[in-house]
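K.L.:
next come a sequence and a model predicted from it.
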Amino acid sequence: MNNDEYREEFGISDRDLEDAMGRRSGFRRLTKEQQIYGVFNDSDAEEETTVSRKQKKSYTTPLSFVAGGVVQAGKKKEDLGEDEEAEMEEEEETIIHTLKGRNIHSRRKYSEENTLKILVEREESQLKSSTRLLGILEDLEKRFRDISNPLTLSYLASVLTQLQTEYYEEYHLYEMGNLANSYLVPLMRERLSLWQPLSSPKEHITLFQQFKDILENQTRLTQISPYYGLIWNAWMPLFRIAVSSWNCRICDPMIDFIEVWLPLLPPTIFQNILHHFILPKIQSEVDTWNPLTDTIPIHSWVHPWIPLLGQNLDIVYPTIRQKLGFALINWHPSDKSARLVLEPWLTVFPKAHMDAFLIKHIVPKLAKELNAMTINPQSQVLDQWNWVMAWEDLLPIVQVTTMLEKFFFPKWLQVLATWLNHNPNYEEVTNWYKGWKVLFPENIAKHPSVKEQLTKALDIMNRAVQMASEAPPRVPQPFIPFPTRPVLLPTPPPRINQPQIRVEMSIPSGFKDLVIRRCEERGILIMPVDRWQEGKQVYKCGSGFIYFDKNVIFAKDYGTRWIPISIQTLLETVGS
């Protein structure tokens, strides 16, 4: 079809002017509405009877065109009368509207023909595209069932790429990614049939990466990726077989396998693997673990899972602590293996849980050894001391200082006072004091309660020197410096009016023990806390706080004041 045959010029011809001026033979002049609305005018007959008749004018006078309109030759527009000028303007307006109507009609006719042509061409193109697409799909189905020319994974990958690039709308409209899985999953299962995941974890990585890029390419947010179906239906069955025969205590092969495949696993499938396969397997193995008989430390096959499982492992920690506590029932502090077993868990267990475990299972045994330790300046055995101090960096510092204050310093100060009462060599006493002081770890030596006890020892030594200077001179008794082989303390010679040195405790241990025993009898919990008041250790007693100053108990009232109270008042207050 030649479009030039329907093309119309939009210029003003002589014929247009004759039609507009009504000079053509047989031409009936149209009204203004007929000229504007053309065939759409409904009131031709009515308007013909109501139109006003105007005076006939002579149209024989020659006409000439000027910029302002059509006027008679030899007449200027400004020379016309008002009626003539109005009539001329009306005729000009009528001509303009008529010509515009013809132009609009011509353009509309041309536009409709163009639109029709475009639609026909588009339909023809879509029909051809659908025919080609149908041919591609038929070829896939044919090769999938043809043994002589079977469908391969490489060919399927190329076809899927072609469908995504050349048939984008149809690919997503008909969800051809899911349709492709009907061919891809069987082929992939056949390829993976001989695969041993834990022995060769990196095998098939490239193949799955290729189809991940294809199946997740331009996937709409409202759709589930067809790649998820590929992993679930082709990859997961092989993983289930591998994990069923996996030995949980040999964790490295499974961890290596998961870390290699982690970038290719959808997040939901990764979480499914951890919660339904790995974690139950670990939990079952922990339930059967026996710390007394198993030679493989439990942290060696649990800790490597922390980066992958994180807080999900919290479910097995209570069982581990319970079994470790059971194993420590018959433990002796001289056995260093307990520390080796517990050290790896210091940064894994929450601090509060680890402190509670140590206080329950370790501190009582250390306190027992410290209490049984003998202080002998002539021959000091430090085994028990070393057993206790081996745990000082693991235990809360308050627990260590409390053990020293309760089980070590009372008898240590008593031995010092007894020694000073036997007219010793003060240089040896000083060396003995310095030798003990360096045995305290730095953080323990700086603790207020320990500094207080060491200060007491210095005060006793100073009083002994002052009293010795006031007494009559005596011959010093021989004494072997600390520490040496055991010997008996020499019997001192008779002394005349020599004052005895008495050890005055700022906090008598007997009084404090009496308060603690009374609280325990009434089921009131009393324990030291990491707080100090006027240099004295603060204790939590029931729901309140107290500290001891000599033979007086100071308790904190409801405000901020510390007031002295009796034992009976304390028991009635905290026990109510």
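P.N.:
Looks like it came in fine. Numbers count the residues shown, from 1 in each chain.

K.L.:
how near is residue 368 to residue 446?
P.N.:
26 Å (CB to CB, to the nearest Å). From N, CA and C alone the C-beta is placed, and that goes for glycine too.

K.L.:
what does residue 296 give?
P.N.:
Where residue 446 is concerned, residue 296 sits at a distance of 41 Å (CB to CB).

K.L.:
and for residue 533?
P.N.:
On the measure of CB to CB, residue 533 and residue 446 end up 18 Å apart.

K.L.:
of those two, which one has the most company?
P.N.:
residue 533 (14 against 11; other CB atoms under 10 Å).

K.L.:
residues contacting the residue lying closest to that one once chain neighbours are set aside?
P.N.:
Nearest non-adjacent residue to residue 533, counting by CB to CB, 6 or more residues apart in numbering: residue 547, 5.0 Å away. Going by CB atoms under 8 Å, 6 or more residues apart in numbering, residue 547 touches 533-534, 536-539, 553-554, 562.

K.L.:
restricted to buried residues, select the residues you listed in PyMOL.
P.N.:
A single PyMOL command is used to select the members of those judged buried by 16 or more other CB atoms under 10 Å:
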select buried, resi 536+537+538+539+553+554+562
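
K.L.:
which one of the contacts of residue 547 is nearest to residue 403?
P.N.:
Checking the contacts of residue 547 against residue 403 with CB to CB, the nearest one is residue 537 at 12.5 Å.

K.L.:
mean confidence for the host helix or strand of the closest one?
P.N.:
Assigned by DSSP states H and E, residue 537 belongs to strand 536-541. What strand 536-541 shows for mean pLDDT is 83.

K.L.:
measure stretch 398-418 end to end?
P.N.:
End-to-end span of stretch 398-418 (CA to CA, to the nearest Å): 29 Å.

K.L.:
what's it in contact with?
P.N.:
Residues contacting stretch 398-418 (CB under 8 Å, 6+ apart): 358-359, 363, 366-367, 370-371, 373, 375-377, 388, 391-392, 429, 433, 436, 444, 447, 449-450, 453, 456-457, 460-461, 501-503, 505, 509, 528-530, 537.

K.L.:
try it again with 7 Å
P.N.:
359, 363, 366-367, 370-371, 375, 377, 392, 444, 447, 449-450, 453, 456-457, 460, 501, 503, 509, 528-530 (CB atoms under 7 Å, 6 or more residues apart in numbering).

K.L.:
helices - which of these land there?
P.N.:
359, 363, 366-367, 370-371, 444, 449-450, 453, 456-457, 460, 509 (DSSP state H).

K.L.:
now pLDDT and neighbour count too, for those, in JSON lines please.
P.N.:
Listed next are the ones in helices among the contacts of stretch 398-418 as JSON lines, based on pLDDT from 0 to 100; neighbours: other CB atoms under 10 Å:
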{"residue": "359", "pLDDT": "92", "neighbour count": "15"}
{"residue": "363", "pLDDT": "94", "neighbour count": "19"}
{"residue": "366", "pLDDT": "95", "neighbour count": "23"}
{"residue": "367", "pLDDT": "94", "neighbour count": "18"}
{"residue": "370", "pLDDT": "93", "neighbour count": "20"}
{"residue": "371", "pLDDT": "92", "neighbour count": "13"}
{"residue": "444", "pLDDT": "93", "neighbour count": "17"}
{"residue": "449", "pLDDT": "91", "neighbour count": "21"}
{"residue": "450", "pLDDT": "93", "neighbour count": "22"}
{"residue": "453", "pLDDT": "92", "neighbour count": "21"}
{"residue": "456", "pLDDT": "90", "neighbour count": "19"}
{"residue": "457", "pLDDT": "91", "neighbour count": "20"}
{"residue": "460", "pLDDT": "87", "neighbour count": "21"}
{"residue": "509", "pLDDT": "50", "neighbour count": "16"}
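
K.L.:
what's the most distant pair in those residues?
P.N.:
359 and 460 (32.2 Å).

K.L.:
residues in contact with the residue nearest to residue 373 when sequence neighbours are not counted?
P.N.:
Counting by CB to CB, 6+ apart, residue 373 lies nearest to residue 384, which is 4.2 Å off, once chain neighbours are set aside. By CB under 7 Å, 6+ apart, residue 384 lies in contact with 369-370, 372-373.

K.L.:
and residue 268, how many neighbours?
P.N.:
Residues near residue 268, counting by other CB under 10 Å: 12.

K.L.:
can you confirm it is in a helix?
P.N.:
Yes - under DSSP: H, G, I helix; E, B strand; the rest coil, residue 268 falls within a helix.

K.L.:
dump the residue contacts of residue 396.
P.N.:
Taking CB under 7 Å, 6+ apart, one finds residue 355 in contact with residue 396.

K.L.:
for it, phi and psi?
P.N.:
The phi/psi pair for residue 396 (degrees, to the nearest 10) reads phi -60, psi 140.

K.L.:
I'd like to know how many residues surround the spatially closest residue to residue 328 that is not a sequence neighbour.
P.N.:
Among residues not flanking residue 328 along the chain, residue 361 sits closest, at 4.5 Å (CB to CB, 6+ apart). Residue 361 has 19 neighbouring residues, counting by other CB under 10 Å.

K.L.:
residue contacts, residue 203?
P.N.:
residue 195.

K.L.:
any idea where the helices of the stretch 451-576 of the chain begin and end?
P.N.:
Ranges of helices within the stretch 451-576 of the chain are 509-521, 567-575, based on DSSP state H, counting those that start in this stretch.

K.L.:
turn the ones you listed into JSON lines, including distance to residue 280.
P.N.:
Shown next, in JSON lines, are the helices of the stretch 451-576 of the chain (distance: least, CB to CB, whole Å):
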{"stretch": "helix 509-521", "distance to residue 280": "44"}
{"stretch": "helix 567-575", "distance to residue 280": "47"}
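
K.L.:
pick out the shakiest of these, pLDDT-wise.
P.N.:
Among these, helix 509-521 carries the lowest mean pLDDT (a mean of 75).

K.L.:
neighbouring contacts of that helix?
P.N.:
410, 526, 541, 548, 551, 553, 567, 571.

K.L.:
out of those residues, which is most surrounded?
P.N.:
Of the contacts of helix 509-521, with other CB under 10 Å as the count, residue 541 tops at 23 neighbours.

K.L.:
for it, which non-adjacent residue is spatially closest?
P.N.:
residue 526 (4.6 Å).

K.L.:
looking at the one you found now. What's its pLDDT?
P.N.:
The per-residue pLDDT of residue 526 was computed as 76.

K.L.:
residue 544 is in contact with that one, correct?
P.N.:
No - taking contacts as CB atoms under 7 Å, residue 526 lies outside contact range of residue 544: 10.1 Å.

K.L.:
buried set for the top strand by length along the chain?
P.N.:
Ordering each strand of the chain by length in residues (DSSP state E) puts strand 526-533 first. Neighbour-count burial for strand 526-533, with 16+ other CB under 10 Å as criterion, is recorded at 526, 528.

K.L.:
which secondary structure elements does it contact?
P.N.:
On a contact count with 3 or more CB pairs under 7 Å, 6 or more residues apart in numbering; DSSP states H and E, strand 526-533 meets helix 397-403, strand 536-541.

K.L.:
again, 10 Å this time
P.N.:
helix 397-403, helix 448-470, helix 509-521, strand 536-541, strand 544-549 (3 or more CB pairs under 10 Å, 6 or more residues apart in numbering; DSSP states H and E).
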